[in-house]
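Novice: Got a sequence here, can you model it:
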Amino acid sequence: MTSPQTNNTKSNLESTLLLRIPSLKVDLGELERRLLEDLAPEAGALSDMLRFVLGSGGKRFRAGLCFAVARVLLPVGSNILSERFFLLAEIAELIHTASLVHDDFLDEAKTRRGLETLHLKWNPKYAVIGGDFLFAQASLRLGLLENCAVVKIFAQVLCSLCKGEIKQAEDKYKSRELNLEAYIGRCHLKTASLFEACTESAALLAELETDRVALFGHFGMNLGLAFQVIDDLLDFTSTEQTLGKDSQSDLPSGIFTAPVIFACEEDLSIAGSLLEASELGFTAERTASIMTKIKATGALGRTLGLAQSYIARSKACLEDLGLSASSGGVLVEICDLVLNRATV
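Specialist: Model prediction:
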């Protein structure tokens with residue numbers, strides 16, 4: 001009989017949005033095999049933790065981007081990706097998963113992908129070590145690529161992720177300092193930098209010219225910004241069941257995102273309520289009141305519009321690369337899937 005955990009894992013994998021794109025199914029399936037069979041060592045609790053966190057599903061967007069760019073750039077008549085693109089996809093997924101393990105611990109999150117977070121299921125020390133091990137495994141694969149340019153890109157990504165986490169911690173509860181520019185900068189550090197690294201590195205491995213590599217990087221950066229903005233929108237509009245992690249948690253945690261910034265511009269009383277809650281505590285009653293005020297403004301619609309503007313920039317990059325709806329179809333589909341997350 002299949003265990004409850006296996007059933008849940010299968011459900012999460014089947015709900016992965018990129019599996020809706022037929023050309024990526026085989027690649028993502030091979031990635032899952034590698035993550036679950038080739039990575040976890042026979043090391044007691046560490047092995048169990050890795051199988052748990054890597055087998056809990058996930059969107060696999062970053063790895064999928066590596067495959068998508070590689071497939072768009074395959075020579076005519078070829079259908080086989082080289083080993084280096086699978087290594088790149090593993091690197092992206094390992095870094096992303098490691099960052100989630102650490103973020104969940106720092107944020108004291110209770111759920112991730114519909115399951116108990118690693119630091120609660122085992123203990124915080126094991127979770128930190130597990131995240132470190134995933135980063136180490138990503139580093140090993142970077143060495144196997146033997147490409148200094150890609151190594152530099154991902155080294156910068158690791159710096160960006162750390163800077164983004166520190167910046168978010170520094171900005172917590174600072175309602176007086178809300179501004180869109182700082183928010184977008186944080187989104188780039190915490191999310192878009194890894195998206196950009198995936199698309200830029202895939203183009204590098206395909207040995208494109210420098211200007212085209214840069215365009216693929218810009219495509220990924222704008223896509224990543226849209227992805228994070230949609231994530232922040234969903235924190236206001238989704239339940240824990242549909243989001244796969246704690247929902248409506250940013251506001252009481254003092255993490256003020258695009259919906260809050262836009263709402264404060266439209267209703268000055270919200271800024272006052274935020275200041276009061278930041279000083280006295282985000283009780284359930286105060287949080288519910290502020291959420292109601294935010295939803296009464298046009299903030300959620302403006303947040304969606306912000307995401308749409310970044311998707312438009314991503315698609316403009318594809319046009320500059322000379323990729324039509326047919327030649328760059330898989331990348332266009334991914335753009336649309338990112339936006340569709342706000343409506344499904």
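
Novice: show me where the stretch 1-150 of the chain has strands.
Specialist: Taking DSSP state E, counting those that start in this stretch, the strands of the stretch 1-150 of the chain run over residues 111-112, 115-116.

Novice: Lowest average confidence across those, which one?
Specialist: If you rank the strands of the stretch 1-150 of the chain by mean pLDDT, strand 111-112 sits at the bottom with a mean of 60.

Novice: Can you name the residues that contact residue 22?
Specialist: By C-beta atoms under 8 Å, 6 or more residues apart in numbering, no residues touch residue 22. Bear in mind the C-beta positions are built from the backbone N, C-alpha and C, glycine included.

Novice: Can you give me the distance of it to residue 29?
Specialist: 12 Å (C-beta to C-beta, to the nearest Å).

Novice: what does residue 200 give?
Specialist: Distance from residue 200 to residue 29, by C-beta to C-beta: 25 Å.

Novice: neighbour-wise, which of these two wins?
Specialist: Using other C-beta atoms under 10 Å as the criterion, residue 200 and residue 29 rank with residue 200 on top: 24 against 12.

Novice: just checking, that one touches residue 153?
Specialist: Yes - with contact defined as C-beta atoms under 8 Å, residue 200 reaches residue 153; the gap is 6.2 Å.

Novice: Helix or strand: which one has residue 236?
Specialist: helix 210-237 (DSSP states H and E).

Novice: can you give me the mean pLDDT across that helix?
Specialist: 96.

Novice: got it, and stretch 282-299?
Specialist: 95.

Novice: tell me which residues in it are buried?
Specialist: 282, 286-287, 290-291, 293-294, 297, 299 (16 or more other C-beta atoms under 10 Å).

Novice: Quickly check those for the two that are furthest apart.
Specialist: 282 and 297 (18.9 Å; C-beta to C-beta).

Novice: how about the helix holding residue 236: buried residues?
Specialist: 213, 215-237.

Novice: which residues touch residue 226?
Specialist: 307-308, 310-311, 314, 335, 338-339.

Novice: Just give the nearest non-adjacent residue to it, would you?
Specialist: Leaving aside its sequence neighbours, residue 226 sits nearest to residue 310 (C-beta to C-beta, 6 or more residues apart in numbering; 3.8 Å).
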